[in-house]
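> just need the structure, nothing else, for what follows:
(chains A and B)
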Amino acid sequence: MNAILEELTWRGLLAQTTDEAALTATLNDAPVTFYCGFDPTGPSLHVGHLMQVITMRRLQLAGHKPLALVGGATGLIGDPKPGGERSWLDAEVATDNVRRIQGQLEHFLTFGEGATDAILVNNLDWTASMDVITFLRDVGKHFSVNRMLDRDAVKTRLEGNGISYTEFSYVLLQSMDYLELRRRHGCTLQIGGSDQWGNITAGCELVRRVDGESVHALTTHLLTKSDGTKFGKTESGTVWLDPELTSPYAFYQFWFNTDDRDVINFLKIFSMRSQVEIAQLEELTTTEPAARAAQKALAQDVTALVHGAAAVDQAIAASAALFGRAELADLDRDTVFAALNEAGLVSAGEVDGETIVDYLVATGLMASKSAARRSIDEGGAYLNNERITDEAYVPGAADWLHGEFLLLRKGKRSIAGVRQGS
RNA sequence: GGCAGGUUGCCCGAGUGGCCAAAGGGAGCGGACUGUAAAUCCGCCGGCUCAGCCUACGUUGGUUCGAACCCAACACCUGCCA
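So this is what the prediction gives:
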């Protein structure tokens, strides 16, 4: 087996390949141009996309050439998912999303003119100008509806709430991408999540039927968590890569809170650490679970990759200040400010009212005054790390840290601050 | 275009005239125990000027002392037929 395939296998990434022997030979033979597509369904990539992005990076480091495709066209159509029809993505929003996502991808791969440098492509470029007759004759003719109906997502939809012709056609567009990228860039490998297997192999088949060339597919396992919940979500929603949508602090916390049972798998998938290093961390997780060395390594690695080393330092400092044992009074003003700023800081001027309930609501920590009162009742609200018992309490001069900040907390780990003055 | 079924809180789903802010489950939140983990147990889970009031069961209008529940129209979804 080829070295990079072995590594992907060890990391638990490799789910399926079209023809392992042929793919191994191809990868050994020469640099391979490969692609992976991202549909612009949101304003940013999120941690769920990270697995593919990092896999692309691994392949690039192994000497292969990535084509990062953003689905300006496919995003407007929608890949059928079992649950039901997707909500319509406005064309303008899609265009904007494409631009944002392209910018993010540039962050993770090395782009340029060199042999293994990555190239950005957008499938709108070869789809928008295609006319219906050409589409139906040159592309549609190669697809059997009978086989399209066999796909799981489609079957589920037929048994459930049905599927529109729009989404049913999605696979044709994605297949066209493969054909086009092979012609334009000599692309002979497509990677994606294992849920993309059907779309990817359909592309392989189209290339074979139309151009008579044999191209490859490689899928990665879908990420599962031990507790059965979906990866990539927190109580506040999707964990985005855009620092405007998910702060580096929240991002760091997301990884830091990983379950013991998942942390080693995540390190294999998301970090560039070696087999030896990960084995050591695995050992530490068993012998000294409370230290959570593996979670720290994971959070630092991924945060550094996405937001840079400086953001890691800030996230660590903020976490230490907010969760540490240190007396709040002992923390210097700048540390408090940096920590609260990461956690989310509201200016006192924006607070409507003066009781602790008003502050809790203003920071967004509590959804409503009712919820705030309830939390206080339940003993789950804290001011400067001390439990609040009186919902009518009005913070006094002594409560303002350095005369400037209030530290508010809900439960153990939802934190926000209020800042006096401007 | 015809016929049938459907639209309930974040999600699923019960409720068919007063006892309904609406059963049950899931998700979520808090507490206890811990390690900012998991599991477990307990509590909470529309809003507010909170023993009361307001808003809510697709939309609008109607019947009624009283409607998520009955009637009408409309909108949307699904299926079957044309």
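
> A:Asn123 reaches A:Ala68, doesn't it?
No. Between A:Asn123 and A:Ala68 there is no contact under Cβ atoms under 8 Å: 11.7 Å. The way it works is simple: take the backbone N, C-alpha and C, and place the C-beta from them, glycine included.

> get me the contact residues on chain A for RNA strand B.
Taking Cβ under 7 Å from any atom of the strand, the part of chain A that reaches RNA strand B is made up of A:85, A:161-162, A:227, A:229, A:235, A:253, A:256-260, A:289-290, A:292, A:295, A:319-320, A:323, A:361, A:367-371, A:373-375, A:378-380, A:410-414.

> okay, now the unreliable bits of chain A?
A:83, A:160-161, A:235-236, A:324-327, A:422 (pLDDT under 70).

> which one of the residues in it is closest to RNA strand B?
A:Gly411 (2.1 Å; Cβ to the nearest atom of the strand).

> mind listing what that residue touches?
A:Gly380 (Cβ atoms under 8 Å, 6 or more residues apart in numbering).

> measure how buried A:Gly42 is and give me the count.
18 (other Cβ atoms under 10 Å).

> for the residue of chain A closest to RNA strand B, give its distance to A:Gly380.
Distance, A:Gly411 to A:Gly380, by Cβ to Cβ, to the nearest Å: 5 Å.

> before we move on, back to that, how close does the residue of chain A closest to RNA strand B sit to A:Thr285?
25 Å.

> got it, and A:Gln174?
For A:Gln174, the distance to A:Thr285 - Cβ to Cβ - is 39 Å.

> now A:Glu391
41 Å.

> neighbouring contacts of the longest helix along chain A?
In chain A, taking DSSP state H as the definition, the longest helix is helix A:91-108. Helix A:91-108 is contacted from outside by A:38, A:40-45, A:53-54, A:56-57, A:68, A:70-72, A:75-76, A:118, A:120, A:122, A:124, A:241-242, A:305-306, using Cβ under 8 Å, 6+ apart.

> tell me which residue is most central in chain A.
Centroid-nearest residue in chain A: A:Val47, 1.6 Å away (criterion: Cα atoms, centre = their mean).

> does it touch A:Gly232 like I think?
Yes. At 4.6 Å, A:Val47 counts as touching A:Gly232 under the criterion of Cβ under 8 Å.

> so what sits against both of those two?
Joint contacts of A:Val47 and A:Gly232 (Cβ under 8 Å, 6+ apart) are A:Val239.

> part of a helix, is A:Leu67?
No. A:Leu67 is assigned strand when assessed by DSSP: H, G, I helix; E, B strand; the rest coil, not a helix.

> spit out the contact partners of it.
A:33-36, A:118-121, A:181, A:185, A:187.

> and A:Asp352, by the same measure?
Counting by Cβ under 8 Å, 6+ apart, A:Asp352 has contacts A:358, A:362.

> mind checking the SS state of it?
From three-state DSSP, the assignment for A:Asp352 is coil.

> how much space separates it from A:Val346?
From A:Asp352 to A:Val346 the distance is 11 Å (Cβ to Cβ).

> between these two, what contacts are shared?
In contact with both A:Asp352 and A:Val346: A:Ala362, using Cβ under 8 Å, 6+ apart.

> what does the strand or helix carrying A:Asp313 contact?
Using DSSP states H and E, A:Asp313 falls within helix A:309-323. Applying Cβ under 8 Å, 6+ apart, the external contacts of helix A:309-323 come out as A:243, A:248-249, A:251-253, A:256, A:299-300, A:303-304, A:326, A:331, A:335-336, A:338-339, A:342-343, A:407, A:413, A:415.

> got a list of contacts for the next helix or strand after that helix?
Later in the chain than helix A:309-323, the nearest helix or strand by DSSP H and E is helix A:333-343. For helix A:333-343, the external contacting residues (Cβ under 8 Å, 6+ apart) are A:247-249, A:314-315, A:317-318, A:321-322, A:328, A:331, A:401-402, A:404-405, A:407, A:415-417, A:419.

> on contacts alone, who are the packing partners of the next helix or strand after the longest helix of chain A?
From helix A:91-108 onward toward the C-terminus, using DSSP H and E, the following helix or strand is strand A:119-122. The helices and strands touching strand A:119-122, judged by 3 or more Cβ pairs under 8 Å, 6 or more residues apart in numbering; DSSP states H and E, are strand A:65-70, helix A:91-108, helix A:170-185.

> what comes up buried for the second one?
For helix A:91-108, burial by neighbour count (16 or more other Cβ atoms under 10 Å) applies to A:93-95, A:97-98, A:100-102, A:104-105, A:108.

> got the angle for that helix vs strand A:65-70?
150 degrees (axes from the mean of the first three to the mean of the last three Cα atoms, to 10 degrees).

> restrict helix A:91-108 to CA atoms and write it as PDB.
Included here for helix A:91-108 are C-alpha records, laid out as PDB according to Å, rounded to 0.1, in the frame of the first residue of the first chain:
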ATOM      1  CA  ALA A  91     -28.400  33.200  -5.500                       C
ATOM      2  CA  GLU A  92     -26.900  36.400  -4.100                       C
ATOM      3  CA  VAL A  93     -26.300  34.700  -0.700                       C
ATOM      4  CA  ALA A  94     -24.600  31.800  -2.500                       C
ATOM      5  CA  THR A  95     -22.300  34.100  -4.400                       C
ATOM      6  CA  ASP A  96     -21.300  35.800  -1.200                       C
ATOM      7  CA  ASN A  97     -20.800  32.400   0.500                       C
ATOM      8  CA  VAL A  98     -18.600  31.200  -2.300                       C
ATOM      9  CA  ARG A  99     -16.300  34.200  -1.900                       C
ATOM     10  CA  ARG A 100     -16.000  33.700   1.800                       C
ATOM     11  CA  ILE A 101     -15.400  30.000   1.600                       C
ATOM     12  CA  GLN A 102     -12.800  30.500  -1.100                       C
ATOM     13  CA  GLY A 103     -11.000  32.900   1.200                       C
ATOM     14  CA  GLN A 104     -11.000  30.300   4.000                       C
ATOM     15  CA  LEU A 105      -9.700  27.500   1.800                       C
ATOM     16  CA  GLU A 106      -6.700  29.600   0.800                       C
ATOM     17  CA  HIS A 107      -5.800  29.500   4.400                       C
ATOM     18  CA  PHE A 108      -5.300  25.700   4.700                       C
END
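
> which residue ranges of the stretch 1-150 of chain A form strands?
A:14-17, A:33-38, A:65-70, A:119-122 (DSSP state E, counting those that start in this stretch).
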